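Trainee: need a 3D model of the following:
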Amino acid sequence: MHSTEAVSTCSGIYYDVGGAAGNYTNLSGSTVYKTFTSSNANRIRFNFQQLVLETGVDYLTVYDGPNNSYPIVGRYTGNLAPFSVVASGTSFTFGFNSNYQNTYSGWAATIECTTTPLQVYNMTSGTINTCTGIFYDNGGANTDYPNLDDRTQTFCSSNGQHLVAAFNPIQTDFAANDTLFAFDGNTVTSPLLAAYTQNSTIETLRKDLSKLGQKAY
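Mentor: The predicted structure is shown next:
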């Protein structure tokens with residue numbers, strides 16, 4: 001059930017505080033966090049069989065790490081069809097917030113562990129050959145990027161196939177006058193694919209070739 005107790009597991013069913021048969025309770029506007037960590041050092045996955053919350057008022061927020069300073073991978077409300085979330089690493093943190101009135105049946109999710117954690121790449125200056133992983137700014141998963149940061153990072157496919165960079169729109173944003181440029185090749189003289197700045201609409205970048213360059217400043 002949803003509580004503040006941390007859990008290490010690769011199996012079981014995750015319920016709201018009401019359990020299998022009851023509704024969740026009102027929390028008077030506060031947020032309760034619960035962290036799950038895989039017991040076998042692989043990625044952890046939650047398969048939600050149902051999620052029924054008061055629409056636009058009560059929320060279940062999922063963080064991709066061992067506490068709520070890590071990136072948000074989803075924020076859910078309302079009556080949703082079955083869905084799954086998979087951590088990039090070994091932990092998920094869930095934050096549940098409900099208001100002062102109205103409760104619903106909540107959620108039920110089965111738990112499993114899958115594959116080895118994704119490689120993390122914090123932005124540096126250089127070239128990386130890979131086909132999987134998580135790309136963060138130089139601040140990493142749970143810290144802001146620094147001021148006066150000027151870096152160029154190139155990603156090359158390690159198998160000769162096309163590259164895809166799927167940004168998390170919930171967690172991708174920049175301060176005013178800061179920009180992330182994406183180039184269609186291995187240098188900053190390659191054609192410009194995108195330039196993201198404050199309040200930009202974040203799109204998935206698809207590469208026709210096998211190299212993708214990114215520059216931030």
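
Trainee: burial measure for the residue lying closest to D16 once chain neighbours are set aside, as a count.
Mentor: Nearest residue to D16, sequence neighbours excluded (CB to CB, 6 or more residues apart in numbering): G106, at 3.0 Å. Heads up, the C-betas are built off the backbone N, CA and C, glycines and all. Applying other CB atoms under 10 Å, we find 25 residues neighbouring G106.

Trainee: is the residue positioned nearest the centre of the chain in a helix, a strand, or coil?
Mentor: Residue closest to the mean C-alpha point of the chain, counted by CA atoms, centre = their mean, is V73 at 3.1 Å. Three-state call for V73 (DSSP: H, G, I helix; E, B strand; the rest coil): strand.

Trainee: give me the pLDDT value at it.
Mentor: Per-residue pLDDT puts V73 at 95.

Trainee: any idea how far the residue in the chain sticking out farthest from the centre is from Y196?
Mentor: Distance from the C-alpha centroid of the chain peaks at T189, with 31.0 Å (CA atoms, centre = their mean). Distance of T189 to Y196, given as CB to CB, to the nearest Å: 19 Å.

Trainee: coming back round to it: need the contact list for the residue farthest from the centre of the chain.
Mentor: Taking CB atoms under 8 Å, 6 or more residues apart in numbering, we find T189 in contact with F183.

Trainee: which of the helices or strands spans it?
Mentor: Using DSSP states H and E, T189 is not contained in any helix or strand.

Trainee: where are the low-confidence patches of the protein?
Mentor: Along the chain, the parts satisfying pLDDT under 70 run over 1, 28-29, 207-217.

Trainee: so what are the domain limits for it?
Mentor: 7-113, 120-216 (automatic domain parsing).

Trainee: of all the ones you listed, which gets the most neighbours per residue?
Mentor: domain 7-113 (a mean of 17; mean count of other CB atoms under 10 Å).

Trainee: can you give me the end-to-end span of that domain?
Mentor: 13 Å (CA to CA, to the nearest Å).

Trainee: same check, this time on stretch 81-97
Mentor: Its start and end residues considered, stretch 81-97 measures 20 Å (CA to CA).

Trainee: on that earlier part again, contact partners for the residue nearest to D16?
Mentor: 15-18, 23-24, 51-53.

Trainee: can you rerun that using 6 Å?
Mentor: 16, 18, 24 (CB atoms under 6 Å, 6 or more residues apart in numbering).
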